[in-house]
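**Q** Below is the sequence, then the predicted model.
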Amino acid sequence: MASSSTSTSTSSHGNNDNYVFDVFINHRGPDVKRTLATHLYNRLCKHDLRVFLDQQELQEGENITPQIESAIRTASVHIAIFSPRYADSRWCLDELLLMVETMSKARSTIIPVFYGVKPADLRWTHSKNGAYARALCVLEEKKTFDNQRRYDYSTIEKWRNALSEVADIKGFEGEMYNGVKTGVLQCLEAVFKLCNFPLVFKPKELLEDVVEAVLKNVRRTLDVSEYPEGLAEKLKDLETTVSLQQESGKARVVGIVGLGGVGKTTLAKEFFNHHRSNFKRSCFLFDVREKSNLNFMQKILLKDLAQLYGKIHSPDEGKVKIRRYLQSCQALIIVDDVDHVKQLDALLLPARDVLHPSSLILVTSRDKRVLINSDIAESSIYTLKGLNPQHSRELFCSHAFGQPHPVVGFDEVVQKFLDGCQGLPLSLKVLGAHMRGINSLTSWKAQLHKISKILPEDIQSSLKISYDGLDEEEKKIFLDIACFFIGEDMDTVIRIWDGTDGEGGLSVGNLQNKCLIEVDEENRIRMHDHLRELGRHLANKEPPGCELRLWRPTESLLDNLSGQLPVRGIRMVHGNDTEQSFENLIELAGSRLSINMRRLQLLRADGCFVESLFRVGQLTQLIYLRWENCPISSLPSTIPIKNLRVIHLEGENLETLWQHESEAPLQLRELYIDAPLSYVPESIGTLEHLEKFVLYKSNLESLPNEFCHMHSLKHVGLKECEKITMLPNSIGNLTGLQNLDLTGCSNLQRLPDSVGNLTGLQSLVLARCSALQMLPWSVGI
């Protein structure tokens with residue numbers, strides 16, 4: 001059979017041809033859809049794979065849709081479930097043909113599952129013995145309305161050849177599992193279908209083995225580098241270090257150390273891409289040094305390796321769960337950019353003790369002492385050096401000229417740039433991008449003269465050349481990112497800076513073009529260590545009269561708050577031990593602190609510190625508020641919400657938003673709430689600029705009809721909102737909506753017919769909406 005709709009993670013509208021899938025499930029719906037196919041789909045989705053499973057049959061005369069063809073061509077793994085009536089369907093056979101073609105051209109993998117049939121049934125189809133042979137004979141004899149053959153001899157032979165080819169691939173035979181003949185399963189399915197009962201029996205071992213085979217073969221590569229000069233040699237050296245590790249009865253641990261900007265994370269991602277398929281589970285923990293919340297990192301580790309979800313309240317609790325749930329798990333783990341022993345104590349040590357001995361943990365750090373103090377042997381640490389002269393030249397020229405060698409006449413000046421960079425990939429990349437588009441040799445020499453004053457004594461200073469080339473708005477955004485927004489969603493960050501003219505997006509684009517920031521596959525902003533440190537250094541050393549950016553909870557920060565300079569932004573997530581210090585500061589600083597806070601625009605903090613700041617004075621210029629561990633039930637009237645563009649609130653007590661309908665933040669572009677919210681003010685309909693609205697684990701039973709007045713909405717997320725039973729009937733008025741995520745709305749019973757009016761919808765996510773029986777006819781799936 002074939003399909004005309006997609007997995008729950010895809011859109012029901014618009015152009016779906018461009019969707020990319022990890023796995024395609026080819027099957028005959030009446031045989032296995034409600035049993036094996038659906039169970040496989042659900043299991044694979046839990047591994048964060050994008051799986052294509054159809055929802056309805058194609059009708060007689062219909063061809064494979066472009067969407068199905070795109071799904072087959074993009075998937076790296078195809079599961080073909082061969083059931084007794086599989087060959088009755090020309091669409092199943094057409095899909096199989098395309099899968100075989102893709103396997104030969106794109107190195108995809110076909111995993112055959114023989115469910116009620118044997119491989120021999122696929123091989124011997126020229127006789128009339130066997131279900132597949134008889135089915136092909138029937139198709140061969142089919143006629144059109146004018147008595148012509150519906151399928152020519154060539155098509156029939158292509159189907160036979162495809163079946164025969166796949167029969168020779170090592171797969172899974174259903175009769176080999178649980179000691180139960182697959183024919184018995186088919187009888188059970190038929191009985192349960194007649195009684196209209198769901199079949200709860202699952203051949204668990206078969207599911208486990210197929211899922212494991214998919215995880216070994218699926219391609220989920222991390223983005224590594226546009227120009228990977230020298231990377232293959234570094235990877236080979238690292239693999240040698242790994243291969244020399246002695247078996248000790250515990251998981252192997254290997255470290256990568258080197259100067260910031262030398263390419264440790266790049267090498268770790270390349271290793272991950274090459275070797276993850278050799279392990280049953282894998283996890284890449286990015287930027288551990290930047291993410292100080294070890295509970296969160298432990299949560300990611302448990303989610304990726306054990307599919308365990310839920311809160312972790314302390315690192316000690318996380319260590320207990322790691323030891324308990326990762327017992328004998330065979331895994332590849334990358335712990336990226338650690339700078340303190342406590343990080344490895346929370347992540348590495350508990351996992352190493354319980355993982356399967358064939359597991360591998362790879363740790364990157366700029367500080368070799370951190371690894372040694374965490375009991376990683378010095379012989380297990382690979383020291384990453386810079387690029388050799390040839391690869392340095394190729395990398396620099398690729399960024400500067402778009403080719404691996406200089407243009408005519410520039411060899412000498414290029415060599416002087418290379419001498420200054422000393423093989424450091426980050427400097428080669430950033431300075432090469434800085435020179436891109438400068439065609440005058442005189443200008444190159446002038447730039448070189450500028451750089452020669454600060455290189456090679458201080459490589460980091462060379463990066464300031466690119467910073468000096470920014471306009472004032474771009475410099476401000478670069479410093480904001482370095483201090484506050486690394487790892488944040490790019491669209492969120494743009495909404496913070498965007499006014500009515502949209503300059504924020506343009507500035508961020510220019511920073512990308514100059515290689516000062518990058519955006520990863522999850523749309524999160526990344527900045528290399530050297531650039532981040534440059535930005536934070538400049539944020540502290542700008543001339544007198546500048547605005548302060550404060551991002552570290554230290555005593556010196558308290559001094560800065562009560563000093564002479566105005567404050568532009570604060571990032572403060574502190575512990576109980578500093579709470580009293582903040583209270584004392586508020587009491588002592590008085591009017592001076594009030595004056596300093598008047599220009600505050602960016603605030604990310606938690607608990608009582610936020611309340612303390614709002615008591616100081618009117619922060620009328622505030623445009624970004626992220627309040628974690630919010631202790632109140634609604635936003636107090638002292639919060640200046642007039643100019644707020646992005647609000648993120650997280651707290652266990654928050655029940656509503658603003659107290660009075662007249663207090664709606666009319667400039668708001670994004671609203672994210674992680675709280676047991678029970679009421680949304682009707683005035684939310686007045687937020688005409690709101691583009692993104694996300695509720696997580698709210699207690700709402702429904703949304704107000706006024707919600708559907710916000711025509712600028714592009715993304716709506718109601719995640720884990722288990723009490724919601726329906727959406728407003730007027731939701732179809734949100735014609736600009738692109739993404740609707742209803743993950744975990746387990747009591748959602750139906751979607752309004754007006755959903756069919758969402759002509760701009762690109763993504764509709766209905767994962768774990770267990771009470772949802774069907775989609776409205778207007779969706780057109």
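**A** Good, I have the coordinates.

**Q** can we go C-alpha only for contacts and neighbour counts from here?
**A** Fine.

**Q** now for the lengthiest strand in the chain, which elements pack on it?
**A** The longest strand of the chain (DSSP state E) is strand 331-338. Other elements packing on strand 331-338 under the criterion 3 or more CA pairs under 8 Å, 6 or more residues apart in numbering; DSSP states H and E are helix 264-275, strand 281-285, strand 360-365.

**Q** Please compute how far that strand lies from its chain's middle.
**A** Chain-centre distance of strand 331-338: 17 Å, with CA atoms, centre = their mean, to the nearest Å.

**Q** coming back round to it: ranking the helices and strands packed on strand 331-338 by mean neighbour count, which comes first?
**A** Greatest average neighbour count among the helices and strands packed on strand 331-338 goes to strand 360-365 (a mean of 24), per mean count of other CA atoms under 10 Å.

**Q** Quick check: next helix or strand after that one?
**A** Using DSSP states H and E, the helix or strand that follows strand 360-365 in sequence is helix 368-372.

**Q** In that following helix, which residues are buried?
**A** 368, 370-371 (16 or more other CA atoms under 10 Å).

**Q** next one: stretch 234-253
**A** Going by neighbour count (16+ other CA under 10 Å), the buried part of stretch 234-253 is 234-235, 238, 241-242, 250-253.

**Q** Sort out which one of these lies nearest residue 337 for me.
**A** Comparing those against residue 337 with CA to CA picks out residue 253 as the nearest, at 14.8 Å.

**Q** ok, the closest one - contacts?
**A** Contacts for residue 253 (CA atoms under 8 Å, 6 or more residues apart in numbering) come out as 352, 360-363, 376, 380.

**Q** my guess is it is in a strand, correct?
**A** Yes: secondary structure of residue 253 (DSSP: H, G, I helix; E, B strand; the rest coil): part of a strand.

**Q** got the contact list for the residue positioned nearest the centre of the chain?
**A** Centroid-nearest residue in the chain, with CA atoms, centre = their mean: residue 522, separated by 3.8 Å. By CA under 8 Å, 6+ apart, residue 522 lies in contact with residue 489.

**Q** Distance of it relative to residue 81?
**A** According to CA to CA, to the nearest Å, residue 522 and residue 81 sit 32 Å apart.

**Q** Correct me if wrong: residue 743 contacts residue 768.
**A** Yes: proximity of residue 743 to residue 768 meets the contact threshold set by CA atoms under 8 Å, at 6.0 Å.

**Q** Tell me which of the two has more neighbours.
**A** Taking neighbours as other CA atoms under 10 Å, residue 743 and residue 768 compare with residue 743 leading, 21 against 17.

**Q** so the more buried one, which of the three states?
**A** Under three-state DSSP, the three-state class of residue 743 is coil.

**Q** for it, what are its contacts?
**A** By CA under 8 Å, 6+ apart, the contact list for residue 743 reads 718-720, 765-769.

**Q** Can you show me the strands along the stretch 601-750 of the chain?
**A** Under the criterion DSSP state E, counting those that start in this stretch, the stretch 601-750 of the chain contains strands at 602-606, 624-628, 646-650, 670-674, 692-696, 715-719, 739-741.

**Q** Dump these to a markdown table, plus mean pLDDT.
**A** What follows is these, written out as a markdown table (pLDDT from 0 to 100):
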| stretch | mean pLDDT |
| --- | --- |
| strand 602-606 | 85 |
| strand 624-628 | 91 |
| strand 646-650 | 92 |
| strand 670-674 | 94 |
| strand 692-696 | 94 |
| strand 715-719 | 94 |
| strand 739-741 | 93 |
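
**Q** Reformat the ones you listed as TSV; add mean neighbour count and distance to residue 506.
**A** Formatted as TSV, the strands of the stretch 601-750 of the chain follow (neighbours: other CA atoms under 10 Å; distance: least, CA to CA, whole Å):
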stretch	mean neighbour count	distance to residue 506
strand 602-606	22	20
strand 624-628	22	19
strand 646-650	21	19
strand 670-674	20	19
strand 692-696	20	20
strand 715-719	20	21
strand 739-741	20	23
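
**Q** Redo those strands as JSON lines? Include distance to residue 334.
**A** What follows is the strands of the stretch 601-750 of the chain, written out as JSON lines (distance: least, CA to CA, whole Å):
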{"stretch": "strand 602-606", "distance to residue 334": "29"}
{"stretch": "strand 624-628", "distance to residue 334": "28"}
{"stretch": "strand 646-650", "distance to residue 334": "29"}
{"stretch": "strand 670-674", "distance to residue 334": "29"}
{"stretch": "strand 692-696", "distance to residue 334": "29"}
{"stretch": "strand 715-719", "distance to residue 334": "29"}
{"stretch": "strand 739-741", "distance to residue 334": "30"}
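
**Q** Mind checking these for the one nearest to residue 49?
**A** Smallest distance to residue 49 across the strands of the stretch 601-750 of the chain (CA to CA): 16.4 Å, for strand 739-741.

**Q** after that closest one comes which helix or strand?
**A** Going down the chain from strand 739-741, the next helix or strand is strand 763-765, by DSSP H and E.

**Q** elements contacting that next one?
**A** Applying 3+ CA pairs under 8 Å, 6+ apart, one finds that strand 763-765 makes contact with strand 739-741.

**Q** May I have the strands that pair with the strand it packs on, each with its orientation?
**A** Here strand 739-741 has these sheet partners by DSSP bridges: strand 715-719 (parallel), strand 763-765 (parallel).

**Q** now what about that strand, what contacts it?
**A** Residues outside strand 739-741 that contact it (CA under 8 Å, 6+ apart): 714-719, 761-766.

**Q** what's the closest of the buried residues of helix 368-372 to residue 605?
**A** Set against residue 605, the nearest of the buried residues of helix 368-372 by CA to CA is residue 370 (28.9 Å).

**Q** can you pull the contacts of the closest one?
**A** Residues near residue 370 by CA under 8 Å, 6+ apart: 338-341.

**Q** let's see it at 10 Å
**A** 338-344, 376 (CA atoms under 10 Å, 6 or more residues apart in numbering).

**Q** Which of those residues fall in strands?
**A** With DSSP E as the criterion, strands contain residue 338 from among the contacts of residue 370.

**Q** Output the contacts of residue 370 as CSV; include the columns neighbour count.
**A** Below are the contacts of residue 370 laid out as CSV (neighbours: other CA atoms under 10 Å):
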residue, neighbour count
338, 22
339, 19
340, 17
341, 16
342, 15
343, 21
344, 22
376, 18
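
**Q** out of the contacts of residue 370, who's nearest residue 402?
**A** Comparing the contacts of residue 370 against residue 402 with CA to CA places residue 338 closest, at 34.0 Å.

**Q** what's around residue 231, how many residues?
**A** 18.

**Q** no, scratch that, I was asking about residue 133
**A** Residue 133: 19 neighbours (other CA under 10 Å).

**Q** just to revisit the earlier point, would you mind putting the buried residues of helix 368-372 into a markdown table with pLDDT alongside?
**A** Output for these, formatted as a markdown table (pLDDT from 0 to 100):
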| residue | pLDDT |
| --- | --- |
| 368 | 87 |
| 370 | 89 |
| 371 | 92 |
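
**Q** Which of these sits closest to residue 471?
**A** Of all the buried residues of helix 368-372, residue 368 has the smallest distance to residue 471: 38.5 Å, by CA to CA.

**Q** wait, what's in contact with that closest one?
**A** Per CA under 10 Å, 6+ apart, neighbours of residue 368: 255-258, 339, 376, 378, 381-383.

**Q** swap in residue 537?
**A** The contact partners of residue 537, by CA under 10 Å, 6+ apart, come to 479, 482-483, 531.

**Q** That one: which element?
**A** Using DSSP H and E, residue 537 falls within helix 529-541.

**Q** Could you pull up the mean pLDDT of that helix?
**A** The average of the pLDDT scores along helix 529-541 is 79.

**Q** after that helix comes which helix or strand?
**A** strand 548-550.
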